[in-house]
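Peer 1: Build me a model from this:
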Amino acid sequence: MSRWWETRRAVAAAALASTVPLWFVTLPPLIDLLGHMGRYHIQLNLAHSAALQANWAYRWSLIGNLGSDLLMEPLGRLFGVERGAVLLSALILILAISGMARLAKAAHGTLPATAWAAFPFAMAYPWQYGLVNYWLGFTCALHAAAFFYRADPVAIDARARPWMLDSLLLGVAAVLLWTVHIYGWGIFCVLIWAQRGDYRSLRAYTVSLLKLVPLGAPLLLMLALRYGTHGSAETLGWYALEYKMLALTWTLRDQIQWFDITCLGLSLLLILVGFMSRRFEQNWALGSAALTLLIALFVMPYQLFGSAYADARLWPVVIIVGLLALRPAPGVSTRLAPALALTAAVLFAVRIAVTTIGFQTYDRDFARHLKALDRMPIGAHVAVFVEYPKDVPWRRPRFEHMDGIAIVRREVFTNSQWEVPGAQLLIPLGARGSRFNADPSQYIKGGGELRGRLKARLDAFPRDRFDFVWLIGFRPETLPRYPGLIPLFADDRTILYRIQK
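Peer 2: Residues are numbered from 1 along each chain as shown. All right, here's what the predicted structure looks like:
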């Protein structure tokens, strides 16, 4: 059998195929991205919209979280925010798969069949959740690391870059990756450190580390910008071991729980067998990088500099790097590599098909719920309250930040945009000075019955600062009539009220 899995055409086909779920939707059903789309619209249209200027401020500054904001400047202006966000989501998938292939080939000299087992993780939970800057930063880190990897990092030959040029390029790459997302820089540092460390002697190791000093260039920026010391950019939730292990099961979380967990289990089994069996060989650099990232995951807190899921979002990175570290040992079996590549490709194709069907269902749901926008005037103030039960179903409804589309289409003010000084550029103004100006004021969280908590929130929010109330996730037939709220629109999971004044 030909070694089809090594060809550029096969990798290109896999990368293109990964975008199929986005071909048939109007909105990318990636949870946080729907909210980010509201920010993109403000970013692109604030200068010439009086409705936006009354409720929002957007101040460009240098932060380690700018990847999608920068890309949406051309994408949003050329294609509009909604199509631009779809293209952004697709671009991240293409960068992820091509980056995995490039790094694996740079580490092993050829693309091993085991690398195909990593491809489904391009659509892992960080992407599904809409953590677009983070996932974009990671995919860029893969490409940057592939550029710097050499089969023998210790050997010096005529083709090696002069050390001054190499140091300059490392520093530039570190700053650019930090600008996309701080995690992209961190992951890149781990990948390069694991590959460049010279362990032949203490002196050699010290010299090799000194050559990596340019990787710390973003630290100078962070010190100058007093990064992580601005207001609500908090760090909290250390050593939540139970949560970390639960988050592992979410790594491929998408539509069908048993299928997602089975695919994850097979990948973990391959890593375990790959590092224990003589039928496989390992790239020491990528293996040690995966182990380092795993240790970092267990040490890191739940929230870092105001960003939630700081630790759990590393699970797919650990697994991807672990899979890329493996290759079937030459001469062991002529059937092993083809069988692995074919199995991985088939599972990937099935996952793409399942996701495509699920995304089309989400798109129909969004179209139904967003009919409420027809009742919202341009520039209205809308208090959004979203049901967020303790036991969220595996296949999430993904409407937590659906109100971001109301900003795109009606330029309204809602209380669910993120306000994290030093980590976000957007500043909500519509209900400033109250507890209902920004995320997470929209969430009605807890276990059991949430209607009591909803009533308490409806009694507490400043009605004089809002024109409408939009309840998302609650079934209208289960809700009582609320004094001063006049129903205007309802479907199976949403209801829009006008506030009587």
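
Peer 1: Now do the contacts for Leu215.
Peer 2: Leu215 sits next to 170-171, 174, 188-189, 192-193 when contact means CB atoms under 8 Å, 6 or more residues apart in numbering. The C-beta positions use only the backbone N, C-alpha and C, and glycine is treated the same way.

Peer 1: Tell me where the stretch 251-400 of the chain is predicted with low confidence.
Peer 2: Within the stretch 251-400 of the chain, the segments meeting pLDDT under 70 span 305-306, 333.

Peer 1: Do a quick rundown of the helices in it.
Peer 2: 257-276, 284-299, 315-324, 336-369 (DSSP state H, counting those that start in this stretch).

Peer 1: Give me the distance between Gly213 and Val207.
Peer 2: Not Gly; residue 213 is Val. Using CB to CB, to the nearest Å, Val213 is found at 11 Å from Val207.

Peer 1: Tell me, how many residues neighbour the residue lying closest to Leu241 once chain neighbours are set aside?
Peer 2: Leaving aside its sequence neighbours, Leu241 sits nearest to Phe298 (CB to CB, 6 or more residues apart in numbering; 7.4 Å). Phe298: 12 surrounding residues under other CB atoms under 10 Å.

Peer 1: Contacts only, for Phe298.
Peer 2: Contacts of Phe298 (CB under 8 Å, 6+ apart): 239, 241, 244, 311.

Peer 1: residue contacts, the first one?
Peer 2: When you say that, I think you mean Tyr239. 298, 301.

Peer 1: hmm, 10 Å instead?
Peer 2: 298-302, 311 (CB atoms under 10 Å, 6 or more residues apart in numbering).

Peer 1: what about it, which helix or strand?
Peer 2: In the assignment (DSSP states H and E), Tyr239 maps to no helix and no strand.

Peer 1: Which is the succeeding secondary structure element to whichever strand or helix holds Asn45?
Peer 2: Assigned by DSSP H and E, Asn45 falls within helix 31-45. Under the assignment DSSP H and E, the closest C-terminal helix or strand after helix 31-45 is helix 50-53.

Peer 1: Contacts for that next one, please.
Peer 2: 41-47, 58, 377-380, 407, 410-413, 429.

Peer 1: out of the residues you listed, which are buried?
Peer 2: When these are checked for burial by 16 or more other CB atoms under 10 Å, the buried set is 41-46, 58, 379-380, 407, 410-413.

Peer 1: of the residues you listed, closest to Leu293?
Peer 2: Nearest to Leu293, judged by CB to CB, of the buried ones among the contacts of helix 50-53 is Gln43 at 31.8 Å.

Peer 1: who's the residue nearest to that closest one when sequence neighbours are not counted bridged to?
Peer 2: Computed as CB to CB, 6+ apart, the closest residue to Gln43 that is not its neighbour in sequence is Tyr58, at 5.4 Å. Beta bridges link Tyr58 to Leu426 when assigned by DSSP bridges.

Peer 1: returning to that earlier point: please produce TSV containing the contacts of Phe298, extended by distance to Pro74.
Peer 2: Below are the contacts of Phe298 laid out as TSV (distance: CB to CB, whole Å):
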residue	distance to Pro74
Tyr239	42
Leu241	43
Lys244	38
Asp311	33
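
Peer 1: Go ahead and confirm the residue nearest to Gln43 touches Leu425.
Peer 2: Yes. Using CB atoms under 10 Å, Tyr58 is in contact with Leu425, at 5.7 Å.

Peer 1: anything in contact with each of these two?
Peer 2: Shared contacts of Tyr58 and Leu425 (CB under 10 Å, 6+ apart): 39, 42-43, 69.

Peer 1: what are the ranges of the strands in the stretch 401-501 of the chain?
Peer 2: All strands of the stretch 401-501 of the chain, identified by DSSP state E, counting those that start in this stretch, fall at 413-414, 426-428, 443-446, 468-472, 485-490, 494-499.

Peer 1: right, and the ones you listed - which one's nearest Leu370?
Peer 2: Of the strands of the stretch 401-501 of the chain, nearest to Leu370 by CB to CB is strand 494-499, at 8.9 Å.
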